[in-house]
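K.L.:
kindly generate the corresponding structure for this input.
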Amino acid sequence: MGAALAMDKEEFILPMHRNLGVFTSREIPLHKLFAQFQGKESGFTKGRDRSFHFGTIDYKIVGMISHLGPQMGIADGIALAHKLKKENRATLVFTGDGGASEGDFHEAINVAAVWDLPVIFAIENNAWGLSTPSKEQFRCKQFIDKAIGYGIEAVQVEGNNILEVYDAVQRIAEDIRKNPRPILLECVTFRMRGHEEASGTKYYPQGLQDHWSAKDPVVNYEKWLIENKILKEETVAEIRAGIKKEIEEGLEIAFAEPRPTPDTQRELKDLFQPFQFSSILPSEKKSEKRLIDAIHDGLRAAMIKHPNLILMGQDIAEYGGVFKITEGFVAEFGKDRVRNTPLCESAIVGTALGLSICGMKAMMEMQFADFVTEGFNQIINNLAKIHWRWGQNADVVIRMPTGAGVAAGPFHSQSNEAWFFHTPGLKVVYPSSPEDAKGLLLAAFEDPNPVLFFEHKALYRSITGNVSDDYYTIEIGKAKTVNAGNDISIITYGYGVHWAMEMLKKHPQISADVIDLRTLLPLDKDAIFSSVKKTGKVIVLHEDVLTGGIGGEISALIAENCFENLDAPVVRVASLDTPVPFAAELENNFLPVSRFEEELLKLFNY
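P.N.:
Presented below is the predicted three-dimensional model:
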C-alpha cells in the first residue's frame, strides 16, 4: 500500500498474487474485487481467472499469471513505451524473494539496466518461498547486493513501515522520471500466515511469528498516528466500523451478482481482439524478389506505416540480424525503433507485451525458432491468454526462422510450429513463397493479436517470386491452391509446397491439388474439405516430425468431415521421430522427401 500510494495514478503497477493493498490503493470498488474473487460474471475476467490474476487498464494495473517472474519483463515494455514517448513516468513491479530465483528476474533487470528503463523492481523479502527458507533459495544475505552485478542502484527499506516504504518509492519514482534507470527496492518483511491457507505455518521455527508480530505494520502505524496526534483513539473504532461497512456492502453487491452463463461462442470469440481485415491488393509494380527480400520489404513497409512499431532482437540493429533481414534499418529508423537485445528471450517477449499494453506495436525476431523455448512461457501463458482473460490484446509479431535442410544440427533446424498450433489465442503463419510472405507479414502487423510468423531458412535465398514493390496484405487464415488436380489432394505448407510441386513435375501422370495452408492457426478447414471432396484421396505432408505433428489433426478433421468422400485412407508423411541430425546424409534421411514420393505413388495406385 505504501508503494502504490507513492506512485502517480497514471503510472502502471504490476502486483503479485496477494498485493491487495495495490488494488485498494487504486480505489477499485470492493464489490468488483469480490466479484473477481468469486468468479462472477462482473469480475474483471468474467469468471475465467482467479483472485488477483487480472489486469485493468482503467486503474493502470497489470496482474500476474501463476508463474512467478514474467510480469517483470512486461514492466520493462511498459517503461520502454513511456521512455520512447517521453512521458516521464515510472513503473512499479513486485516480486518475492522466492520468485527472484526465476530466470525472468535476472533477464528483466538486465534488460532494464542496459536500456536505462524507469522501473522500480520491488522485492518483498519475507525470507520464505512457501515453506523453503531463504538459505535454500539463495546465498546472498540481502537482495540489494544483487544490484551490483547488474550495474544498478538498490535501496533497502523496512517493508513493514508504511511511511518508510512510501518515502522511498516516492523519492525513487521522482528521480527516475527525470533520469530514467531501474532501481532495485528490497522490502524486508514477513508473511504471518501461510503461502495459502492449506499450507499453514507449522514449518516456521518456534518464536519467529512472535518476533514479527511486534512489527505488525497496521498496529504500529496506528500507534504512530495516535502518538503524533494525527489520529484520536476514539476515532479508531469509527474507522474500523466504516471499513467493515464498506466491505459488507461490497460483499452484498458481489454475492447478488450472477454466476457466469456458459456461452461457447463467446468463449471462442474472446480469444482475440475483434479485427476487421481490409484487403489491400498488390500493385502491378512488381520485381523479382527472394523470400528474404520480400520479408525485408514487408518489415520496412510496416515500419513506415506504423510509426509506433518497435523491432527487437539479437543483433538486428547495425549487424542487420544473422540473416541480414533488418540490414539498413538503423540508418532509416534509428536505434530507438530497431533495438539490439541481450540474450534473454523471455524478457523481450514480455517487453513486447508491455509495449502493446501501452498502445504500441512490437516485433521480436527469435534469432532461430529453436530458441523460442527460452520465451515459451511468455508466449503460451501471457500473449496467448491475455485477451481471453481480461480483454487486453497483445499486438505482437514474433518472427521465427525455422526448418532443416541447411546442415545446422538439432538446435538450429527444428520445425516447432506444432507447439503453438495447440495453443488457443495465437495465430500461426507459415508462408512458402516471397509473395505470400510479404503480404502475410504486413497483415500480421495490421492484426492487433499475437502472430507467430514462421520463415523457412532454407528458402530465404533459394526461391524467388514476382512480388509487388508496394504495400499489400493477404488475409491470415486463408489457404491457397498452388496447383489444381483431380486425383489426389496434397495438403502441406512451408517447404512441403516446393517438395510437392517438384514431385508432381517428376510424375506428370498424377493430377493433384496442392493446398498451401499458409496459416496454421486459424486453419482453413473449408479449403481442405473442398479439395478432399473433389479428389477423394489425401496425403498430408509436413517437415515437422510425424508424431504430434499438425498432420494428425488435419487427418482427424478429414476423417470426421469427409469420410464418405474418401476413396483411400488418409496418408501422413513427415520427418522421422528423432531430433534433426547434423550430417547432410543423415539430415536427408530425416526429412520426408523420399518417403513422400513412395507414399504419393502408392496412394495414386490405390
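K.L.:
okay, CA-based contacts and neighbour counts for the rest of this
P.N.:
Noted.
K.L.:
those helices in the stretch 301-450 of the chain, which residues are they?
P.N.:
Using DSSP state H, counting those that start in this stretch, the helices of the stretch 301-450 of the chain run over 329-333, 345-357, 376-377, 386-390, 417-421, 434-446.
K.L.:
whoops, I mixed them up, the stretch 51-200 of the chain
P.N.:
70-84, 103-115, 146-150, 162-178.
K.L.:
tabulate those helices (TSV), appending distance to Glu197, mean pLDDT and mean neighbour count.
P.N.:
What follows is the helices of the stretch 51-200 of the chain, written out as TSV (distance: least, Cα to Cα, whole Å; pLDDT from 0 to 100; neighbours: other Cα atoms under 10 Å):
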stretch	distance to Glu197	mean pLDDT	mean neighbour count
helix 70-84	24	98	28
helix 103-115	26	97	22
helix 146-150	31	94	14
helix 162-178	25	98	19
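K.L.:
not counting sequence-adjacent ones, nearest residue to Ala479?
P.N.:
Leu517 (4.3 Å; Cα to Cα, 6 or more residues apart in numbering).
K.L.:
whoops, I mixed them up, Val62
P.N.:
Nearest non-adjacent residue to Val62, counting by Cα to Cα, 6+ apart: Gly55, 4.2 Å away.
K.L.:
phi, psi of Leu546?
P.N.:
Main-chain torsions, Leu546, degrees, to the nearest 10: phi -70, psi -50.
K.L.:
how much space separates it from Pro592?
P.N.:
For Leu546, the distance to Pro592 (Cα to Cα, to the nearest Å) stands at 10 Å.
K.L.:
where do the contact lists of those two overlap?
P.N.:
573-576 (Cα atoms under 8 Å, 6 or more residues apart in numbering).
K.L.:
which of those count as buried?
P.N.:
573-576 (16 or more other Cα atoms under 10 Å).
K.L.:
circling back: could you report the neighbour count for the residue nearest to Ala479?
P.N.:
By other Cα atoms under 10 Å, 28 other residues sit near Leu517.
K.L.:
so who does it touch?
P.N.:
Counting by Cα under 8 Å, 6+ apart, Leu517 has contacts 430, 478-480, 491-493, 523-524.
K.L.:
and it, how close does it get to Phe277?
P.N.:
18 Å.
K.L.:
again, but for Cys187
P.N.:
48 Å.
K.L.:
when those two are compared, which one has more neighbours?
P.N.:
Taking neighbours as other Cα under 10 Å, Cys187 and Phe277 compare with Cys187 leading, 24 against 13.
K.L.:
pLDDT value on that one, please?
P.N.:
Predicted confidence (pLDDT) for Cys187: 97.
K.L.:
tell me, how many residues neighbour the closest residue to it other than its chain neighbours?
P.N.:
Distances taken as Cα to Cα, 6+ apart place Gly159 nearest to Cys187, at 4.2 Å, with adjacent residues excluded. Gly159 is flanked by 24 other residues according to other Cα under 10 Å.
K.L.:
hmm, Gly159 is touching Thr189, no?
P.N.:
Yes - applying Cα atoms under 8 Å, one finds Gly159 in contact with Thr189, separated by 5.0 Å.
K.L.:
mutual contacts of those two, please.
P.N.:
Residues touching both Gly159 and Thr189 (Cα under 8 Å, 6+ apart) are Glu124.
K.L.:
my guess is Ala254 contacts Lys32, does it?
P.N.:
Yes - between Ala254 and Lys32 there is a contact under Cα under 8 Å: 7.1 Å.
K.L.:
these two - which one has more neighbours?
P.N.:
Ala254 (24 against 18).
K.L.:
and the more buried one, what does it touch?
P.N.:
Going by Cα under 8 Å, 6+ apart, the list of residues near Ala254 reads 31-32, 34-35, 40.
K.L.:
now swap in Lys286 and tell me
P.N.:
Applying Cα under 8 Å, 6+ apart, the residues near Lys286 are 466-469.
K.L.:
bridging residues for it?
P.N.:
Ser468 (DSSP bridges).
K.L.:
quick one: the strands in the stretch 151-300 of the chain?
P.N.:
153-158, 183-188, 286-290 (DSSP state E, counting those that start in this stretch).
K.L.:
just say which of those is most tucked in.
P.N.:
Comparing the strands of the stretch 151-300 of the chain by mean neighbour count (mean count of other Cα atoms under 10 Å), strand 183-188 comes out on top with a mean of 24.
K.L.:
which strands and helices sit next to it?
P.N.:
Packed against strand 183-188 by the contact rule (3 or more Cα pairs under 8 Å, 6 or more residues apart in numbering; DSSP states H and E) you find strand 119-125, strand 153-158.
K.L.:
Gly98: which of those strands is closest?
P.N.:
Closest to Gly98 of these, according to Cα to Cα: strand 119-125, at 8.2 Å.
K.L.:
ok now that closest one, how far from the chain's centre?
P.N.:
22 Å (Cα atoms, centre = their mean, to the nearest Å).
K.L.:
now stretch 22-32
P.N.:
27 Å.
K.L.:
same question, stretch 361-380
P.N.:
Averaging C-alpha positions (Cα atoms, centre = their mean) puts stretch 361-380 8 Å from its chain's average.
K.L.:
endpoint to endpoint, it covers what distance?
P.N.:
Using Cα to Cα, the two ends of stretch 361-380 sit 19 Å apart.
K.L.:
related to what we said a few turns ago, including pLDDT and secondary structure, could the buried ones among the shared contacts of Leu546 and Pro592 go into CSV?
P.N.:
Listed next are those as CSV, based on pLDDT from 0 to 100; DSSP: H, G, I helix; E, B strand; the rest coil:
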residue, pLDDT, secondary structure
Val573, 98, strand
Ala574, 98, strand
Ser575, 98, strand
Leu576, 97, coil
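K.L.:
what's the closest of these to Thr132?
P.N.:
Leu576 (43.5 Å).
K.L.:
wait, isn't the closest one in contact with Asn588?
P.N.:
No - contact criterion Cα under 8 Å: Leu576 and Asn588 do not qualify, at 10.4 Å.
K.L.:
shared neighbours of the two, anything?
P.N.:
Common neighbours of Leu576 and Asn588 (Cα under 8 Å, 6+ apart) do not exist.
K.L.:
look at the spatially closest residue to Asn179 that is not a sequence neighbour and say how many residues are nearby.
P.N.:
Counting by Cα to Cα, 6+ apart, Asn179 lies nearest to Pro118, which is 7.9 Å off, once chain neighbours are set aside. The local packing of Pro118 (other Cα under 10 Å) involves 31 other residues.
K.L.:
okay, now the unreliable bits of the stretch 501-606 of the chain?
P.N.:
Nowhere does the stretch 501-606 of the chain drop to pLDDT under 70.
K.L.:
check the chain too.
P.N.:
Along the chain, no part satisfies pLDDT under 70.
K.L.:
one more time with 90, if that's ok
P.N.:
17-18, 50-52, 127-130, 133-135, 137-141, 192-200, 233-234 (pLDDT under 90).
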